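>>> Could you look at this predicted model? Sequence included:
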Protein chains: 2
Amino acid sequence: MDIARRAGVSQATVSLVISGGAASDQIAESTRQAVLAAATELGYSANVAARSLKGGRNHLLGLYTFEPVFPTDQHDFYYPFLLGVEEETAAQGYDLLLFSSVTSAADRSIYAGGANRLKLADGCVLLGRNVRHEELNALVQEDFPFVFIGRREVTDGEISYVGADYVAATSAMVAELHRRGHERILYLRAIEDTEPTRDREQGYRAGLAAAGIEVDERLIQGLADPAELSAEHVLHWIGRYGVTAILVEPTEDNRLVDALTAMTDGARVRFPEDCSIALLGEPPSWTPQLRDWTRFSLPRAEMGREAVRMLVGLLGDARSTSHQVTLPCTFVPGDSIGPVPRGDQA
Amino acid sequence: MDIARRAGVSQATVSLVISGGAASDQIAESTRQAVLAAATELGYSANVAARSLKGGRNHLLGLYTFEPVFPTDQHDFYYPFLLGVEEETAAQGYDLLLFSSVTSAADRSIYAGGANRLKLADGCVLLGRNVRHEELNALVQEDFPFVFIGRREVTDGEISYVGADYVAATSAMVAELHRRGHERILYLRAIEDTEPTRDREQGYRAGLAAAGIEVDERLIQGLADPAELSAEHVLHWIGRYGVTAILVEPTEDNRLVDALTAMTDGARVRFPEDCSIALLGEPPSWTPQLRDWTRFSLPRAEMGREAVRMLVGLLGDARSTSHQVTLPCTFVPGDSIGPVPRGDQA
DNA sequence: GTCAGGCGTTTATACGTATTAATGGGAGCC
DNA sequence: GGCTCCCATTAATACGTATAAACGCCTGAC
């Protein structure tokens, strides 16, 4: 190390001065000044790799997303999370490492190339819907500190996460519909069995139970691709099952809203005149808001911030217990729900 | 390394098998299989820190902004740049390091703490209006590889940058106004003497020259804070100098557009009926676009991408020469310019 | 039988830092 | 003056990997 030579001291001394805020009180003031001067002069900065190799921390937090975030629509969905993460990371005095290379790689795996690149950072915030649970398990076993944004379960053990309270929000949505007289409420769920979907379904059932309505399993329909949702479907459900309201999960992109808009434009189905409809979440904010859909919105930025706070907490405590937090969603009244259509009233 | 023990070979052999796709043909197939088996079994993943320590490069590109990006409006201004940088970084197989800690620190200096934290990355993309030129100079002297987004000058030597062609865009804007008969064109410039402002002024003068109009120095006015721009000012300029069109530099936030909107709302001045107005740039995109201002827009995402490409090029070439590129802006017709008002026609 | 040569593997070393144990020198005390 | 003790500094080591150089062994040739 050339700083040492420059200041005429040993490498160990330099290390003590630079990093050892604690142990550097053992160092004579004159020496410390000399070292700092030399460091400044040479534009020195510690090598992260070496530092983290040694086992020290490098003051980096990582952010890894399981989905690519570049398609602009999805990016816009994830942006508020990122904003929160970035803001709190800065507030905590850390730098933020975006694992874009892994994200964009063909195989899209944390362990691509046999290397868990996440370990570059002290800890990591994870984000994304299509999680590879086996990778999460691996992370847990290595006990690498990380926090997931969104509730996630793993088979062995518990992980830390900051989730949105989909259960309560969905349940409240059912209650809201029930207050307006609806009893035949269709729930269109994503076909993949991920945690957010499970939570919504649980909230749906809980909401019905609270309203004293028995669950009609035929009113829980899987929807593989929101784009395939058409007026025919809706009219069919109305006619066949007496559906008066629909709850539907939006995707991270704008396919759902596009489909709904197409329906409305065709005037085949009117919301809420023919049928009430509410979104169990919020479509990407960039979507031109032609319509103020009834929905609930996640506190995305706050979730990002909270995840970082939690992560920093984990880093501080050596014996890191996992933490789980769910934050409440905000109900957005919108204008797509209304009373039960005349002909269908009980 | 416990994989070595597990497979009954040496650490070097493991390294050859794991990383040396090239040199691993020297390894007997049986040995390689044994090593790979052991690696899989133990859930091994290479330590990136060690790897990059040995290799010198850690495959990180940095992004540093001279202004804090958290006030939502400014963030929205910088966001497209960030998007481009992020996208191309991923495409190049690098990870992106956001220097948020430095950004948010009180002293906001690259060299905070006597250390150049930027060196954490292999190279760095810089961004921001209020540059500290002395820091740029220092970076140049260390010859740390970096690329600035926006044209920047330093006293000693040249730096690499990807800029927007403000000169041509402003000149074209003047030509556009002249085509509609305007000859008394007021230029409201930022009061700080930064490169973008200088370029706009140069473009303004060039445009006038091309149109055969002599520059009236009284028509170049400094504007410290766009918020202070009022109907009184505009009416004054119209009455006193016979101004029929205004060119104004927008800020990274929404103060300018707010001021213009306030003027319009008060109906004190109508654009373009009373006076044409065009923005020499683009306000933050999040601004509720009450009005489609005539302006030009920077290819921000493309600038970000190009900056990363250039940076990666610098990293590849050991003998790094500096490169300068300016990208053309896009004219956005909008609806805030029109013909010369009746009473003012020559 | 000896020796060259090639191949598969290992030994040794370097990367830059943090940390512990050791070293040196100076001051204080008897 | 000699001894001890303390404190500022240093030497030594470890972290996990990549790589050049060295090594041993086996084959083929003379």
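Yep, it's here.

>>> The lengthiest helix in chain A: how far from the chain's middle?
Scanning chain A for the helix with the most residues, using DSSP state H, yields helix A:72-91. When C-alpha coordinates are averaged (Cα atoms, centre = their mean, to the nearest Å), helix A:72-91 and its chain have centres 9 Å apart.

>>> That helix packs against which elements?
For helix A:72-91, the contact count by 3 or more Cβ pairs under 8 Å, 6 or more residues apart in numbering or on different chains; DSSP states H and E identifies strand A:60-65, strand A:95-98, strand A:123-127, helix A:300-316, helix B:72-91, helix B:100-104 as packing neighbours. Glycine gets a C-beta too; all of them are placed from N, C-alpha and C.

>>> where does residue A:30 land on pLDDT?
The predicted structure scores residue A:30 at 79 on the pLDDT scale.

>>> That one: neighbour count?
In terms of burial, residue A:30 registers 8 neighbours under the definition other Cβ atoms under 10 Å in any protein chain shown.

>>> Please tell me how far the helix or strand harbouring it is from the chain's geometric centre.
Under the assignment given by DSSP states H and E, the secondary-structure element containing residue A:30 is helix A:29-42. For helix A:29-42, the gap between its own C-alpha mean and the chain's C-alpha mean amounts to 44 Å (Cα atoms, centre = their mean).

>>> repeat for stretch A:209-228
Mean-position distance between stretch A:209-228 and its chain equals 24 Å (Cα atoms, centre = their mean).

>>> Also stretch A:4-12?
Remark: stretch A:4-12 is offset 47 Å from the chain centroid, using Cα atoms, centre = their mean.

>>> What's the end-to-end length of that stretch?
By Cα to Cα, to the nearest Å, the extent of stretch A:4-12 from end to end equals 8 Å.

>>> Next, see if that stretch gets close to chain B.
No - Stretch A:4-12 is not in contact with chain B by Cβ under 8 Å from any Cβ of the partner chain; minimum separation 12.4 Å.

>>> who touches that stretch?
Taking Cβ atoms under 8 Å, 6 or more residues apart in numbering or on different chains as the criterion, the residues outside stretch A:4-12 that touch it are A:1, A:13, A:14, A:31, A:34, A:35, A:37, A:38, A:41, A:42.

>>> quick one: buried residues of it?
A:4, A:6, A:7, A:9 (16 or more other Cβ atoms under 10 Å in any protein chain shown).

>>> filter those residues by proximity to DNA strand D?
Restricting the buried residues of stretch A:4-12 to those touching DNA strand D (Cβ under 7 Å from any atom of the strand) yields residue A:9.

>>> Which two of the buried residues of stretch A:4-12 have the greatest separation?
Using Cβ to Cβ, the buried residues of stretch A:4-12 span at most 9.1 Å, a distance reached by A:6 and A:9.

>>> Would you map the strands across chain A?
Assigned by DSSP state E, the strands in chain A fall at A:60-65, A:95-98, A:123-127, A:146-149, A:160-164, A:185-190, A:220-223, A:245-248, A:276-279, A:294-297, A:324-327, A:330-332.

>>> Same list (those) but as TSV, adding distance to DNA strand D, mean pLDDT and mean neighbour count.
TSV is the format used below for these (distance: least, Cβ to the nearest atom of the strand, whole Å; pLDDT from 0 to 100; neighbours: other Cβ atoms under 10 Å in any protein chain shown):
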stretch	distance to DNA strand D	mean pLDDT	mean neighbour count
strand A:60-65	17	90	25
strand A:95-98	19	90	26
strand A:123-127	18	93	25
strand A:146-149	19	95	26
strand A:160-164	24	96	24
strand A:185-190	39	96	22
strand A:220-223	43	94	16
strand A:245-248	47	96	27
strand A:276-279	46	96	25
strand A:294-297	44	96	22
strand A:324-327	30	96	16
strand A:330-332	46	96	14
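
>>> Can I get those in CSV including distance to residue B:339?
Listed next are the strands of chain A as CSV, based on distance: least, Cβ to Cβ, whole Å:
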stretch, distance to residue B:339
strand A:60-65, 51
strand A:95-98, 49
strand A:123-127, 52
strand A:146-149, 54
strand A:160-164, 54
strand A:185-190, 54
strand A:220-223, 54
strand A:245-248, 51
strand A:276-279, 47
strand A:294-297, 46
strand A:324-327, 55
strand A:330-332, 45
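
>>> Go through those strands and name the closest to chain B.
In terms of Cβ to the nearest Cβ, the element of the strands of chain A nearest to chain B is strand A:95-98, at 4.3 Å.

>>> Those residues of chain A touching DNA strand C, which are they?
Within reach of DNA strand C by Cβ under 7 Å from any atom of the strand, chain A has these residues: A:1, A:11-12, A:15-16, A:18-20, A:23, A:44-47, A:50-51, A:53-56.

>>> Could you check how many residues crowd around residue A:258?
Burial of residue A:258 is recorded as 15 neighbouring residues (other Cβ under 10 Å).

>>> separation between it and residue B:245?
41 Å (Cβ to Cβ, to the nearest Å).

>>> circling back to that earlier point, between strand A:60-65 and the longest helix of chain A, find me the angle.
Here the directions of helix A:72-91 and strand A:60-65 differ by 160 degrees (axes from the mean of the first three to the mean of the last three Cα atoms, to 10 degrees).

>>> Return the set of buried residues in helix A:72-91.
A:74-91.

>>> Ok, stretch A:204-215 next?
Judged by neighbour count (16+ other Cβ under 10 Å), stretch A:204-215 contains these buried residues: A:204, A:205, A:206, A:207, A:208, A:211.

>>> Sitting in helices, which of those residues do you find?
Short answer: these in helices (DSSP H) are A:204, A:205, A:206, A:207, A:208, A:211.

>>> Cool, thanks, talk later.
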